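Visitor: The following comprises the amino acid sequence and a computationally predicted model.
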Amino acid sequence: MNTQKIFISDVVTVKSHTFLYSGNFVNSLNLLLAPSLPSTCAKKRSISASTTRAAAGGRHFQTPTRIDLKPSCFSPMAAPTSDGLVDDRIAGISSAIRVIPDFPKPGIMFQDITTLLLDPVAFKNTIDLFVERYKDKDISVVAGVEARGFIFGPPIALAIGAKFVPMRKPNKLPGAVISEEYSLEYGTDKIEMHVGAVQEGERALVIDDLIATGGTLCAAINLLERVGVKVVECACVIELPDLKGRERLGDKPLFVLVS
């Protein structure tokens with residue numbers, strides 16, 4: 001029987017991730033690999049580096065069967081997007097997004113895209129994936145939802161030859177505005193856009209960094225449709241499926257890269 005030693009530091013240095021291998025995962029507590037472990041990495045699970053080091057005690061562990069340790073096994077495999085697209089770039093985008101627990105309040109796992117913006121390759125790949133999807137869909141308006149929709153919207157709009165329309169919170173836009181109110185967990189809020197920014201019959205893409213409950217995106221859709229604009233699709237970098245925002249959008253298409 002062939003055996004191969006793997007040091008736990010090899011796992012820890014990979015951004016503190018263990019990896020799922022077709023349903024079996026490296027157990028961070030007993031540090032044993034499942035008895036039969038295919039070499040293809042299918043999914044990742046975050047763990048604490050300090051927890052893993054403490055549990056490992058600096059020791060190595062052995063696998064009872066040989067594993068083909070290709071470099072790709074220590075990075076996330078490309079996951080399909082919301083419409084089944086599989087692209088190697090998505091793995092890099094996903095790994096560049098940082099999760100901050102208990103922010104801005106306890107119990108919230110905040111998806112921080114600022115680390116994605118620090119990675120020029122991942123950031124460019126994010127924009128490129130959206131551009132490739134929408135460049136031939138005759139879109140004349142890219143509507144970005146405040147605030148992080150302002151980051152992704154303008155470069156997409158420039159690349160596909162569309163105008164960028166900011167959708168802002170109340171009292172941020174000068175001049176005449178049209179507004180749409182939407183519900184929050186407690187209370188309501190509004191988004192606004194300039195009167196005359198879009199014209200009846202135009203085709204729009206609505207973009208934000210993340211969809212959670214879907215309230216803001218629904219308000220953006222309603223705002224555009226009230227003035228006769230056709231919303232072709234909503235696009236987000238991240239989806240939190242457990243919050244069922246996609247269901248709230250009804251029949252409006254939603255495209256996301258990471259969920």
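Guide: Perfect, I can see it now. Residues are numbered from 1 along each chain as shown.
Visitor: Could you list which residues are in contact with Arg226?
Guide: 178, 180 (C-beta atoms under 8 Å, 6 or more residues apart in numbering). C-beta coordinates here come from the backbone N, C-alpha and C atoms, glycine included.
Visitor: Roughly how far does it sit from Val177?
Guide: As judged by C-beta to C-beta, to the nearest Å, Arg226 and Val177 stand 13 Å apart.
Visitor: With Leu223 instead?
Guide: For Leu223 relative to Val177 (C-beta to C-beta), the value is 10 Å.
Visitor: Which one of the two is surrounded by more residues?
Guide: Neighbours were counted for Leu223 and for Val177 using other C-beta atoms under 10 Å; Leu223 has more, 26 against 18.
Visitor: Specify the beta-bridge partners of the residue lying closest to Pro170 once chain neighbours are set aside.
Guide: Once flanking residues are discounted, Pro170 sits nearest to Lys190: 5.0 Å by C-beta to C-beta, 6 or more residues apart in numbering. Applying DSSP bridges to Lys190 gives these bridge partners: Glu181.
Visitor: ok, Lys190 touching Met167?
Guide: No: contact criterion C-beta atoms under 8 Å: Lys190 and Met167 do not qualify, at 10.1 Å.
Visitor: pLDDT weak spots in the stretch 1-150 of the chain?
Guide: Low-confidence segments of the stretch 1-150 of the chain (pLDDT under 70): 1-80, 82, 85.
Visitor: at 50 instead, please
Guide: 1-77 (pLDDT under 50).
Visitor: what sits up against the helix ranked longest in the chain?
Guide: Looking across the chain with DSSP state H, the single longest helix is helix 120-134. Applying C-beta under 8 Å, 6+ apart, the contact partners of helix 120-134 are 87, 89-90, 92-93, 95-96, 116-117, 152, 155-156, 159-160, 205, 207, 232-233, 235, 237, 255, 257.
Visitor: List the buried residues in it.
Guide: Judged by neighbour count (16 or more other C-beta atoms under 10 Å), helix 120-134 contains these buried residues: 122-123, 125-127, 129-130, 133-134.
Visitor: which residues touch stretch 164-177?
Guide: Taking C-beta under 8 Å, 6+ apart as the rule, stretch 164-177 contacts 141-146, 149-150, 153-154, 157-158, 179, 189-198, 204, 220, 223.
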